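> Give me the fold of what follows.
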Amino acid sequence: MRSLFDAEEQANARRAMPLAARMRPQRLDQFVGQSHLLGPGKLLRRLIDADRLGSVIFFGPPGCGKTTLASLLAGVGKKFYARLSAITDGVAQLRQVLNEAKERVETGRGKTVLFIDEIHRFNKTQQDALLGDVESGVIDLVGATTSNPYFAINSALISRSQIFQFQGLTETEIAQLLQTGLTDVERGLGETQVTLAPDAVSQLCTWCDGDARQALNVLEIAVLSSSQRPLVVTAELVRECMQRSALKFDATGEEHYDLASALIKSVRGSDVDAAIYWLARLLESGEDIRFLTRRLVILASEDIGNADPQALLMAVACMQACEFIGLPEGQLTLSQTVAYLACAPKSNACTIAIGAAREDVQTKKVLPVPNHLRDGHYAGAKKLGVGQGYLYAHDFPDGIVPQDYLGVERTYYQPTDRGFERELAERLEKIRATLRRSV
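Model prediction:
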């Protein structure tokens, strides 16, 4: 029997919730954001309207509505809603929920929407346990993750699911939520006589980076920490209430690779300012300094090469210096090196050369070592004629001798006309002309 005081108790419990929790929509038409998924005619909206959700994975940054939308889906189709957290629940809890869902279907009580938060944290066994019931339609699985599912979720579960990428809310959408939070009497701060200055709205929208939860939390702190009524929440008050923005980063996930890719491509593209910014992002996110220096050493050969031979020396020196001094001082060496590499002339001629040579080794007939180039220093080599006919390069003018070193004529290294490789190209033309006289 329901208590006579249930309604009052629920109201009290609701008032105790943080503003961001109270502001969660109760109906789909109250949901803000993700119009690219929920707008008229969009796939997710069509699946919801047709009550044919199936298995879906929501992935995107924190505070963009993944959990909120999942909780609304059960109400749309009048289905039972079950929720698990991959952080706190294991295989036993998962099997219990799946067994109960199966019993509901068999007894005609309808399907279950099973929402699993942070689904990427389930191990392979836990994810595999879902496959049978997802395939048979016993449950509509809604998985939420901040990690790219193609990195973090089993391919078998991916193949049975629709993937929907959520985006951080726009400044307009954040501003809309903030205004509703201030004016809504039932869910928000409508009874507090508070207004939000335009510069404060702009400050919140910029700082929260599309995370509605963060924006509402700061607004609530600003209001509750000020006794003045009526109150105008200014940008200065907002800044006082903000904590340092937490950069979204997972050292093993998509953001790790995206930031590293942005750094390398900016250096390769000679945009020193962009390269310094991405370096700062990686450092602020706690990236491993050894990972950064390894990538720079690779880049120095892969993208600069002999256009500036000093680049590799610079990158190796950076690696050694950072290993010796660590952070935070290592950031100075990293910045110096990134700036140098970004401004250096670029060439991938050596990269192309070794790639082409290795492809020949793998796909063409293997070339034997010419007899005159073989090692002739062992007993009996002279009797076999090994090493005979070799011409010592230092006995010839310019140290170059017209001699065949490969057995066939092939060209792999083609210097560019950039940086030091321009000089190498001129020198190489003369060298190859001499070598061709041996053929």
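> Poorly predicted segments of the stretch 51-200 of the chain, please.
For the stretch 51-200 of the chain, applying pLDDT under 70 flags the ranges 74-77.
> And the helices in it?
Ranges of helices within the stretch 51-200 of the chain are 66-77, 91-106, 124-136, 149-152, 155-159, 171-183, 198-208, based on DSSP state H, counting those that start in this stretch.
> and whichever strand or helix holds Ser335, what does it pack onto?
With secondary structure defined by DSSP states H and E, Ser335 is part of helix 330-343. Packed against helix 330-343 by the contact rule (3 or more C-beta pairs under 8 Å, 6 or more residues apart in numbering; DSSP states H and E) you find helix 254-268, helix 272-284, helix 289-299, helix 310-325. The way it works is simple: take the backbone N, C-alpha and C, and place the C-beta from them, glycine included.
> Can you lay out the ones you listed as JSON lines showing mean neighbour count and mean pLDDT?
Formatted as JSON lines, the entries for these read as follows, by neighbours: other C-beta atoms under 10 Å; pLDDT from 0 to 100:
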{"stretch": "helix 254-268", "mean neighbour count": "18", "mean pLDDT": "86"}
{"stretch": "helix 272-284", "mean neighbour count": "18", "mean pLDDT": "92"}
{"stretch": "helix 289-299", "mean neighbour count": "19", "mean pLDDT": "92"}
{"stretch": "helix 310-325", "mean neighbour count": "17", "mean pLDDT": "93"}
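> got TSV for those helices, with distance to Leu373 too?
Formatted as TSV, these follow (distance: least, C-beta to C-beta, whole Å):
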stretch	distance to Leu373
helix 254-268	37
helix 272-284	44
helix 289-299	31
helix 310-325	28
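> Any idea which of those helices gets closest to Glu220?
Taking C-beta to C-beta as the criterion, Glu220 comes closest to helix 272-284 out of the helices and strands packed on helix 330-343, the separation being 26.4 Å.
> quick one: that closest one to helix 254-268, angle?
Between the axes of helix 272-284 and helix 254-268, defined by axes from the mean of the first three to the mean of the last three C-alpha atoms, to 10 degrees, the angle is 150 degrees.
> Show me what helix 272-284 is packed up against.
With contacts defined as 3+ C-beta pairs under 8 Å, 6+ apart, the packing partners of helix 272-284 are helix 254-268, helix 330-343.
> Just send those helices back as CSV, with distance to Gly65 too.
What follows is the helices and strands packed on helix 272-284, written out as CSV (distance: least, C-beta to C-beta, whole Å):
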stretch, distance to Gly65
helix 254-268, 19
helix 330-343, 36
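> Pro18: which of those helices is closest?
Distances from Pro18 to each of the helices and strands packed on helix 272-284 were compared by C-beta to C-beta, and the smallest falls on helix 254-268, at 26.3 Å.
> I'd guessed Ser147 sits against Phe59; true?
Yes. Checked against C-beta atoms under 8 Å, the pair Ser147 and Phe59 is within contact range at 6.8 Å.
> The two: which has the busier surroundings?
More neighbours surround Phe59 than the other of Ser147 and Phe59, with 24 against 18 (other C-beta atoms under 10 Å).
> for the helix holding Ser335, the distance to its chain's centre please.
Helix 330-343 sits 23 Å away from the centroid of its parent chain (C-alpha atoms, centre = their mean, to the nearest Å).
> same check, this time on stretch 317-334
Distance, stretch centre to chain centre, for stretch 317-334: 25 Å (C-alpha atoms, centre = their mean).
> Would you mind measuring the gap between the ends of that stretch?
In terms of C-alpha to C-alpha, to the nearest Å, the two terminal residues of stretch 317-334 are separated by 10 Å.
> still on that earlier bit, quick one: closest of the helices of the stretch 51-200 of the chain to Leu428.
Between Leu428 and these, the tightest spacing by C-beta to C-beta is seen for helix 149-152, at 43.5 Å.
> Okay, buried residues for that closest one please.
Of the residues in helix 149-152, those with enough neighbours to count as buried (16 or more other C-beta atoms under 10 Å) are 149, 152.
> now stretch 24-32
Neighbour-count burial for stretch 24-32 flags 24-25, 31-32 (criterion: 16+ other C-beta under 10 Å).
> residues in contact with it?
Stretch 24-32 is contacted from outside by 38, 48, 65, 68-69, 71-72, 75-76, 169, 173, 176-177, 212, using C-beta atoms under 8 Å, 6 or more residues apart in numbering.
> Buried members of these into ChimeraX, please.
Below is the selection syntax for ChimeraX that covers the buried ones among the contacts of stretch 24-32, with 16+ other C-beta under 10 Å defining burial:
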select :38,48,65,68,69,71,72,169,173,177,212
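> Need the contacts of stretch 24-32 in a markdown table (columns: distance to Asn306).
Compiled in a markdown table, those are given as follows (distance: C-beta to C-beta, whole Å):
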| residue | distance to Asn306 |
| --- | --- |
| Leu38 | 54 |
| Ile48 | 58 |
| Gly65 | 52 |
| Thr68 | 56 |
| Leu69 | 54 |
| Ser71 | 59 |
| Leu72 | 60 |
| Gly75 | 65 |
| Val76 | 63 |
| Leu169 | 49 |
| Glu173 | 51 |
| Gln176 | 56 |
| Leu177 | 55 |
| Ala212 | 52 |
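> With respect to Val338, which of the contacts of stretch 24-32 is nearest?
Proximity of the contacts of stretch 24-32 to Val338 was ranked by C-beta to C-beta; the top entry is Leu169 with 32.5 Å.
> pretty sure that closest one contacts Leu178?
No. When contacts are counted by C-beta under 8 Å, Leu169 is not listed as touching Leu178 (10.7 Å).
> closest one to Pro230 among the helices and strands packed on helix 330-343?
helix 272-284 (38.2 Å).
> Can you check what angle separates that closest one from helix 330-343?
150 degrees.
> CA atoms only for helix 272-284, dumped as CSV, please.
As requested, C-alpha coordinates have been extracted for helix 272-284 and formatted as CSV (Å, rounded to 0.1, in the frame of the first residue of the first chain):
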residue,chain,number,x,y,z
VAL,A,272,53.6,25.7,-36.1
ASP,A,273,50.8,27.4,-34.2
ALA,A,274,48.4,24.6,-34.6
ALA,A,275,51.1,22.1,-33.6
ILE,A,276,51.9,24.0,-30.4
TYR,A,277,48.2,24.1,-29.5
TRP,A,278,47.8,20.3,-30.0
LEU,A,279,51.0,19.7,-28.0
ALA,A,280,49.5,21.8,-25.2
ARG,A,281,46.3,19.8,-25.3
LEU,A,282,48.2,16.6,-25.0
LEU,A,283,50.3,17.9,-22.1
GLU,A,284,47.3,19.3,-20.2
